[in-house]
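**Student:** I'll drop the sequence and a predicted model, then ask my questions.
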Amino acid sequence: MTFLSDKALERLRTAAAEPDLTGTRYRLLECVGRGGMGIVCAAQDEKLQRRVALKVLDAPGCDGEMETRELADRLIRESRVLASLEHPGIVPVHDVGTLADGRVFYAMKFVEGQRLDKMIETVEAVPDRLRLFLRICDAMAFAHARGVLHRDLKPANVMVGPFGEVLVLDWGLAKILPRQSGHQPRDAGERETAVDNAAAPQPAGSARISTVTEHGTVMGTPGYMSPEQARGDVGHLDARSDIFSLGALLRFLLGSSGAAANDARQIPRPLRAICSQAMAERPEDRYNAVPQLAADVSRYLDGLPVTAYRENMIERAGRFYRRHQVAILLIAAYLIMRALFLFYPRR
Amino acid sequence: MNKILVGVLLGAVLGAVDGATAWFTPAVRAMLLGIVFGSTIKGLIVGLAAGIFARKVNSVPLGILFGLAVGFVLAFLVAYLQHGYYFAIILPGSIVGIIVGYATQTYGVPPATAPR
């Protein structure tokens, strides 16, 4: 009896995991990520001659045929959710299909760039970070307007392209809300998508917990999911749950990680107040909609008062000075020059 | 408030203040009304010119330069006509031009661009 070396075993494992794209228009280039349910590969679309990302269901890893079919349905639903969200800030889906071995896949834009949690280290200025955040808010506001919750918003799920384009990824836990009833989501099951699409690499310390969206089930990323999501209160999730995640994301962008605000004192008070309101324990204490949160951040960027923070007279004067600094200094220079002229002729 | 209005109002106010400071110079106090009037008109012209410029060119440095140039030229003309007080007239007039040039670039609503 001969034993296989570790390297050989690893190669066999990798080969077995790689999807067989025979019969499709795609040629496998490399696998770029793996998760509990699926694998994400870079592939070449031979028809259109472009690079795409393929998300393929990892069926052999599932136990039982029923679960496989359920996961396949979810992957298809996820692709449909993404296809319904045509926005520059949301990764577009090109195709959906089934491989020769029965595994379901969908093709999406291959996003080149850096994950926000890596890329943010190169962005020093707070206003630049806030402008990035506003672009994420744009995508999320669009998704909410289409009745879709992300439910797993975190820095690792945001990609920043080489030209500064911001894309929100990984809609595997997305949930479709009924349009007419505002905050009351449809009963869990029928139109929900809840896919453990952990193909994107997970940051240290974060973990997906579950794949099923039945009431009482917890899924999401600790530190970024809302308290009601953490309680598994799936039936009552609405846009304010994503607003909590956006608040956590904002806090991360401002120099502290997730909910662990280790550097909170360095964050300007108005921004801290915005984070606090977005991350309020009770959904009714948060911003009602993403545009409200984005508007507050924009007001801060423009040197205007934010709704989340009541400033005192000194802070107001300081903000007024910062906003009109050049004009104030010019007028001061003029007045000083005038005062000098008043005394000059008398000498 | 559009940029021309910002320029005209600010130019008029600063011009009037500029002229009113002549009260502290006893030699010209008798001509104060004429000085205030002339200075206000000068400020109005600078503001109008800077406002129109700001509608055409969106650049703070260029706006400041333009305001400085117009303020300087007008103040020089006034000083030349008076045969004196060159420094006391040109320096404040130029600074008023800078302020108005900056303000018209920074404040006021730019004209809406018509869709093509």
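**Tutor:** Sure, I can see it.
**Student:** For the chain, which segments count as strands?
**Tutor:** Picking chain A for this. In chain A, the segments counted as strands under DSSP state E are A:26-34, A:38-45, A:50-57, A:93-98, A:104-109, A:114-115, A:148-149, A:158-160, A:166-168, A:175-176.
**Student:** Dump those strands to TSV, plus distance to residue A:254.
**Tutor:** To be clear about C-beta, it is placed using only N, CA and C from the backbone, and glycine gets the same treatment. As requested, these are exported to TSV (distance: least, CB to CB, whole Å):
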stretch	distance to residue A:254
strand A:26-34	28
strand A:38-45	30
strand A:50-57	30
strand A:93-98	32
strand A:104-109	29
strand A:114-115	18
strand A:148-149	24
strand A:158-160	15
strand A:166-168	17
strand A:175-176	28
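**Student:** could I get those strands as TSV with distance to chain B, mean neighbour count and mean pLDDT?
**Tutor:** Below are the strands of chain A laid out as TSV (distance: least, CB to the nearest CB, whole Å; neighbours: other CB atoms under 10 Å in any protein chain shown; pLDDT from 0 to 100):
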stretch	distance to chain B	mean neighbour count	mean pLDDT
strand A:26-34	41	16	85
strand A:38-45	35	22	88
strand A:50-57	32	22	90
strand A:93-98	32	18	90
strand A:104-109	30	22	90
strand A:114-115	33	18	88
strand A:148-149	31	24	90
strand A:158-160	28	23	92
strand A:166-168	26	23	92
strand A:175-176	35	22	83
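**Student:** Out of the ones you listed, the one nearest residue B:17 is which?
**Tutor:** With CB to CB as the criterion, residue B:17 lies closest to strand A:166-168 of those, at 48.0 Å.
**Student:** Just list what that closest one packs against, helices and strands only.
**Tutor:** Packing partners of strand A:166-168 (3 or more CB pairs under 8 Å, 6 or more residues apart in numbering or on different chains; DSSP states H and E): helix A:126-145, strand A:158-160.
**Student:** who's in contact with that strand?
**Tutor:** With CB atoms under 8 Å, 6 or more residues apart in numbering or on different chains as the test, strand A:166-168 has contacts from A:89-91, A:111, A:113, A:116, A:132, A:135-136, A:139-140, A:143, A:150, A:153, A:157-161.
**Student:** Stretch B:71-79 now?
**Tutor:** Contact partners of stretch B:71-79, identified using CB under 8 Å, 6+ apart, comprise B:38, B:42, B:45-46, B:85-86, B:89-98, B:100-101.
**Student:** Using neighbour counts, trim those residues to the buried set.
**Tutor:** B:38, B:42, B:45-46, B:85, B:89-98, B:100-101 (16 or more other CB atoms under 10 Å in any protein chain shown).
**Student:** Residue ranges in the chain under the pLDDT threshold?
**Tutor:** No chain specified, so I'll use chain A. For chain A, the stretches with pLDDT under 70 are A:1-4, A:11-17, A:35-37, A:59-67, A:179-220, A:256-265, A:344-347.
**Student:** not quite, I wanted chain B
**Tutor:** In chain B (pLDDT under 70), the answer is B:113-116.
**Student:** Now with 80, please.
**Tutor:** Counting by pLDDT under 80, the ranges of chain B that qualify are B:25, B:28, B:82-85, B:111-116.
**Student:** what's the most buried one of the helices and strands packed on strand A:166-168?
**Tutor:** strand A:158-160 (a mean of 23; mean count of other CB atoms under 10 Å in any protein chain shown).
**Student:** Can you pull out the residues in contact with that one?
**Tutor:** With CB under 8 Å, 6+ apart, strand A:158-160 has contacts from A:91, A:111, A:113-116, A:119, A:132, A:136, A:166-169, A:249.
**Student:** how distant is it from the center of its chain?
**Tutor:** The chain centre lies 8 Å from the centre of strand A:158-160; the measure is CA atoms, centre = their mean, to the nearest Å.
**Student:** Note down every partner strand of that strand and its orientation.
**Tutor:** Strand A:158-160 pairs in its sheet with strand A:114-115 (antiparallel), strand A:166-168 (antiparallel), by DSSP bridges.
**Student:** need those strands in a markdown table with distance to residue B:1, can you?
**Tutor:** Formatted as a markdown table, the strands paired with strand A:158-160 follow (distance: least, CB to CB, whole Å):
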| stretch | distance to residue B:1 |
| --- | --- |
| strand A:114-115 | 43 |
| strand A:166-168 | 34 |
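**Student:** hang on, residue B:100 packs against residue B:43?
**Tutor:** Yes - taking contacts as CB atoms under 8 Å, residue B:100 lies within contact range of residue B:43: 7.5 Å.
**Student:** Now do the shared contacts for these two.
**Tutor:** In contact with both residue B:100 and residue B:43: B:10, B:11, B:14, using CB under 8 Å, 6+ apart.
**Student:** now, which of the residues you listed lie within helices?
**Tutor:** B:10, B:11, B:14 (DSSP state H).
**Student:** Get me the contact residues on chain A for chain B.
**Tutor:** A:326, A:327, A:330, A:331, A:333, A:334, A:337, A:338, A:341, A:342, A:344, A:345 (CB under 8 Å from any CB of the partner chain).
**Student:** Any idea how many residues pack against residue B:7?
**Tutor:** 32 (other CB atoms under 10 Å in any protein chain shown).
**Student:** thinking again about what came up before, a markdown table for the helices and strands packed on strand A:166-168, including distance to residue A:236?
**Tutor:** A markdown table is the format used below for those (distance: least, CB to CB, whole Å):
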| stretch | distance to residue A:236 |
| --- | --- |
| helix A:126-145 | 16 |
| strand A:158-160 | 26 |
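**Student:** show me what contacts residue A:28?
**Tutor:** Neighbours of residue A:28 in contact, by CB under 8 Å, 6+ apart: A:18, A:19, A:21, A:41, A:43.
**Student:** Which parts of chain A are helices?
**Tutor:** A:6-17, A:65-84, A:116-119, A:126-145, A:227-230, A:239-253, A:269-278, A:290-301, A:313-323, A:325-343.
**Student:** taking these together, which one is wrapped up most tightly?
**Tutor:** By mean count of other CB under 10 Å, those have helix A:239-253 as the most buried, with a mean of 26.
**Student:** got the angle between that one and helix A:126-145?
**Tutor:** Orientation note: helix A:239-253 sits at an angle of 160 degrees relative to helix A:126-145 (axes from the mean of the first three to the mean of the last three CA atoms, to 10 degrees).
**Student:** elements contacting helix A:239-253?
**Tutor:** When contacts are defined as 3+ CB pairs under 8 Å, 6+ apart, helix A:239-253 sits against helix A:126-145, strand A:148-149, helix A:227-230, helix A:269-278, helix A:290-301.
**Student:** ok now stretch A:147-164, how far from the chain's centre?
**Tutor:** 3 Å.
**Student:** same question, stretch A:269-278
**Tutor:** With CA atoms, centre = their mean, you get 19 Å for stretch A:269-278.
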